[in-house]
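In: My questions concern the predicted model and sequence given below.
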Amino acid sequence: MARSRLPTAQVSRLRLIVIQALVFSLLATLGVRLFYLQVRHGDAYQAAAASQSKREIVRQPVRGIIVDAQGRPMVTNRSAWVVSLDQSVLDGLEDDDRKTLMQRVAKAVDVSPKKQNEAIANWSGTRYQPVPIATDVSESTALRILEQPEDFPGVVAEKQTLRSYPSPYGINAAGVLGYLSPITEDEYDSARERGDESLNNTSMVGRSGVEKEYDQWLRGMPGYDTVTVDSLGREIGRGDSVASQPGDTLVTSIDAKVQGRAEKLLAESIETARGTFDKITGRNFEADSGSVVIMEAQTGRLVAMANQPTYDPEEWVGGITQKQLDRLYSEKAGYPLLPRATQGQFAPGSTWKPFMTVGALNNGYSRDSRLDCSSGLQVGNRWFKNYESAPYGYIDFAKALEVSCNTFFYRVAVDYWRKYGSNPANVNAKDPLVETAKAFGFGKRTGIDLPGESAGRIADRKWKAEYYEAMKDYYCRMDEKKNAPSSFLQLFAHEFCIEGNYYRTGDAVNFSIGQGDTMVTPIQLARAYASLANGGTLYEPRIGKAVVSGDGTVIEKIDPKVAGKVKMSPRSIDYVNEALLGTTRTGTLAWKFGGFPLDEVKVRGKTGTAEVTGKQTTGWVATYNKKYVIIMTISQGGTGSGAVGDSVRKLWEALYGIEEGGAVVRPDKAAIKGIDPPKNLPVFGADGSIVAPKD
């Protein structure tokens, strides 16, 4: 049966009704939704929308300055326009748009797109921190970028406070001052976890020197401004604001005048050594590095500390290039970032002998003991000879120190080895000389207020046994395969593999004169000589003297800290102090101190020449009186007195106001007025400014 069909007009009318119903239902739904959004929750969404148009701008605090003991600024701040790139914005651009932007930036600030990309790739800070690509940009360029944000998306131009180095008396002091670099993501996350509000994702952090050690005082507290921006990021209003708090001032014990003199003389001594022919190796001395330490003998405070090679702290300001960074870590450049005074480890040579004398006088020997200073001594199958002195016959300890007689101390070492440690495998055998070295603080860090200090090394029986366990597989394989790079090393590998853990008489002999595997840092040696000067107190060396707020209030006094007392007879220390007066008068330093007013300025001293296998000799001079200790060393620079004797004398002349080569002490001409180290802090004005000396 056929179906009946509706008329066409009725079908059209039905469709229209359905469409109208759908439209009305959609409009009703939209109306309900608008009512829900605008009436019921309008306030909440309006607040959310407003918050999305607001930005919180962090205002970095002005970092605290660093001054010397007299108040002379060594590190300050300056303002400069800096142009940076926001990685988050750049990552959102199409490749063509990014290239166009970088070319536009290159024309504006004269930094090629290649260098811009390198800066981003080498960035060590967080991804949220704009990457600086140009520092000291002209104000007109910066304003152009700020006024045309649509042409420079993701480009930040702002006035920043940067570190500045006034360099009083031409000082460098990089190893003391250190440098800054951006906070890393791990550091930022760690700061947030512990609730440290002084650090944020745009902070600069101290990386070395006192910049790192006293970073918490110097960094200050950030502030912020809340601003309202439009869709293009342009500021259209301001909200809450919290002012930043500047960092505190660090007063150090460094004297810039003495520091400048020490740096200049060290550089000159190295240059002279490099122009001096070495008869032993048949070439000029390499003089690859060196250091100077000048310490207050009675407190352990540092008056000056210089290192070579060094670097310019300005290199780190506004970001460092990969080329610059590669040089700082370069072996060819001598590793400029390594501060030799605290991290350089060297054989001490004969500067070791005064401490061995104290040990001997506390363990069976007396002031009247006399031993043969022969030209050499046969120990096993090796002939150990004098280096700097001829045979003097039977002499006492004082004369042995004065002429730096090796064989005298060899005999002391052999005596103890036979008496206490003739079993070479006994790692617990008594050794008075080793015990004495440890008593003077060698083999462990001094506790100086600088990061990364090295501990040095006491090459005793336990160390040799541990070294053998660590290296025996390496040397035994070399011995077995006969693939050593030299005949000497092949023989060494063979002997080491068989009995490298045995502490032989030769080890004891080398130890007694500061040779062999024992290593010290210049700061360790300076502290040990200071303990001779002050009667046996070992201080933790200090550079920081006080932390002072912006209004001149002393927040923290950094007093000298005693690390321990040398448990040795005071009479033995007095004996060494008396004996070392002879070194500058008639001993190994006399040819450098001729005409010096030694009766008025009683400078004691000891020279040292350390031999290192495969290298030229390292020269040391250690000098001191009741007020100061001066240590200078040059690696591969020749004999101690020959390499640095002149410079050490000139430093004493500077400290006491003695005209070069003269014999009259003039306190008014001294580098430190009045000669004595200053006990008080610099004078601060009512506004916190420092009244620095005019000289």
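Out: Looks like it arrived, so ask away.

In: Only C-alpha atoms from now on, for both contacts and neighbour counts.
Out: Fine.

In: where are the low-confidence patches of the stretch 1-150 of the chain?
Out: 1-12, 18, 21, 31-57 (pLDDT under 70).

In: and what of the chain?
Out: If you take pLDDT under 70 as the line, the chain has these spans: 1-12, 18, 21, 31-57, 227, 229-238, 388-389, 694-695.

In: where do the helices sit along the stretch 351-500 of the chain?
Out: With helices called from DSSP state H, counting those that start in this stretch, the stretch 351-500 of the chain shows them at 353-361, 397-403, 406-420, 432-439, 461-481, 487-499.

In: now the stretch 201-350 of the chain
Out: Counting by DSSP H, counting those that start in this stretch, the stretch 201-350 of the chain has helices at residues 209-213, 215-218, 256-274, 322-328, 340-343.

In: most packed of these?
Out: Neighbour counts (mean count of other CA atoms under 10 Å) averaged over each of the helices of the stretch 201-350 of the chain peak at helix 340-343, with a mean of 26.

In: for that helix, packing partners?
Out: With contacts taken as 3 or more CA pairs under 8 Å, 6 or more residues apart in numbering; DSSP states H and E, helix 340-343 sits against strand 289-296, strand 302-308, helix 522-534.

In: can you list contacts of the second one?
Out: If I follow you right, that is strand 302-308. Contacts to strand 302-308, defined as CA atoms under 8 Å, 6 or more residues apart in numbering, come from residues 173, 175-176, 253-256, 258-259, 262-263, 266-267, 289-296, 336, 339-341, 541-543.

In: Quick check: Thr407 vs Val414, distance?
Out: Going from Thr407 to Val414 by CA to CA, to the nearest Å gives 10 Å.

In: give the contact list for the spatially closest residue to Pro168 that is not a sequence neighbour.
Out: If the residues on either side of it in the chain are set aside, Pro168 comes closest to Ala256, at 6.3 Å by CA to CA, 6 or more residues apart in numbering. Counting by CA under 8 Å, 6+ apart, Ala256 touches Asp68, Arg72, Met74, Pro168, Tyr169, Ile171, Ala304.

In: The last one: how many residues sit nearby?
Out: As a burial measure, the neighbour count of Ala304 was computed by other CA atoms under 10 Å and equals 25.

In: And the fourth one, by the same measure?
Out: Applying other CA under 10 Å, we find 16 residues neighbouring Pro168.

In: pretty sure it contacts Arg72?
Out: Yes: with contacts counted by CA atoms under 8 Å, Pro168 reaches Arg72, the gap being 7.2 Å.

In: Please identify the buried residues of the lengthiest strand in the chain?
Out: For the chain, the strand with the greatest residue count under DSSP state E is strand 73-85. Residues of strand 73-85 classed as buried by neighbour count (16 or more other CA atoms under 10 Å): Pro73, Met74, Val75, Thr76, Asn77, Ala80, Trp81, Val82, Val83, Ser84, Leu85.

In: Next: stretch 89-109.
Out: Applying a neighbour-count criterion of 16+ other CA under 10 Å, one finds Leu90, Arg98, Leu101, Met102, Gln103, Arg104, Val105, Ala106, Val109 buried in stretch 89-109.

In: Pull the most distant pair out of those residues.
Out: Leu90 and Val109 (17.5 Å; CA to CA).

In: thought Thr184 was touching Gly125?
Out: Yes: if you go by CA under 8 Å, Thr184 and Gly125 touch, sitting 4.5 Å apart.

In: can you list contacts of stretch 363-373?
Out: Stretch 363-373 is contacted from outside by 360-361, 391-397, 400, 405-408, 411, 432, 575, using CA under 8 Å, 6+ apart.

In: Show the end-to-end separation of it, please.
Out: 20 Å.

In: how about that stretch: buried residues?
Out: For stretch 363-373, by 16+ other CA under 10 Å, it's Arg370, Leu371, Asp372, Cys373.

In: go on, stretch 638-655?
Out: Buried, per 16+ other CA under 10 Å, within stretch 638-655: 638-655.

In: one step back: for the contacts of Ala256, give me TSV that also has distance to Phe285.
Out: Converted to TSV, the contacts of Ala256 look like this (distance: CA to CA, whole Å):
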residue	distance to Phe285
Asp68	35
Arg72	37
Met74	33
Pro168	32
Tyr169	29
Ile171	26
Ala304	26
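
In: picking up where we left off before, who wins for proximity to Lys481 among the helices and strands packed on helix 340-343?
Out: Here strand 289-296 is closest among the helices and strands packed on helix 340-343 (CA to CA), at 36.1 Å.

In: Packing partners of that closest one?
Out: helix 256-274, strand 302-308, helix 340-343, helix 522-534, strand 628-635.

In: Tell me which strands it pairs with, and in which orientation.
Out: Strand 289-296 has the following strand partners under DSSP bridges: strand 302-308 (antiparallel), strand 628-635 (antiparallel).

In: Can you add distance to Gly239 and give those strands back as TSV?
Out: Shown next, in TSV, are the strands paired with strand 289-296 (distance: least, CA to CA, whole Å):
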stretch	distance to Gly239
strand 302-308	49
strand 628-635	58
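
In: Which residues outside stretch 153-160 are in contact with it?
Out: With CA under 8 Å, 6+ apart as the test, stretch 153-160 has contacts from 79-90, 101, 130, 142-143, 145-146, 149.

In: In terms of residue numbering, what are the domains of the protein?
Out: The record's domain parsing of the chain by automatic domain parsing lists 54-250, 349-512.

In: can you tell me which residues contact Tyr311?
Out: With contacts defined as CA under 8 Å, 6+ apart, Tyr311 is in contact with Asn172, Ala174, Leu328, Pro336, Leu337.

In: please redo it, this time with the cut-off set to 7 Å
Out: Tyr311 is in contact with Ala174, Pro336, Leu337, counting by CA atoms under 7 Å, 6 or more residues apart in numbering.

In: Same question for Gln116.
Out: Applying CA under 7 Å, 6+ apart, the residues near Gln116 are Ile133.

In: next helix or strand past the helix or strand it falls within?
Out: Using DSSP states H and E, Gln116 sits within helix 113-121. Per DSSP H and E, the first helix or strand lying C-terminal to helix 113-121 is strand 131-137.

In: Could you export that next one as PDB, CA atoms only?
Out: Output in PDB follows, covering the C-alpha atoms of strand 131-137 (Å, rounded to 0.1, in the frame of the first residue of the first chain):
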ATOM      1  CA  VAL A 131      70.700  36.600  28.400                       C
ATOM      2  CA  PRO A 132      72.900  39.700  28.200                       C
ATOM      3  CA  ILE A 133      74.400  40.200  24.700                       C
ATOM      4  CA  ALA A 134      75.600  43.800  24.900                       C
ATOM      5  CA  THR A 135      76.900  45.900  27.800                       C
ATOM      6  CA  ASP A 136      77.400  49.700  28.000                       C
ATOM      7  CA  VAL A 137      74.900  50.300  25.200                       C
END
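
In: tell me the angle of it relative to helix 113-121?
Out: Strand 131-137 and helix 113-121 are oriented at 120 degrees to each other (axes from the mean of the first three to the mean of the last three CA atoms, to 10 degrees).

In: and strand 131-137, what other elements does it pack with?
Out: strand 73-85, helix 113-121 (3 or more CA pairs under 7 Å, 6 or more residues apart in numbering; DSSP states H and E).
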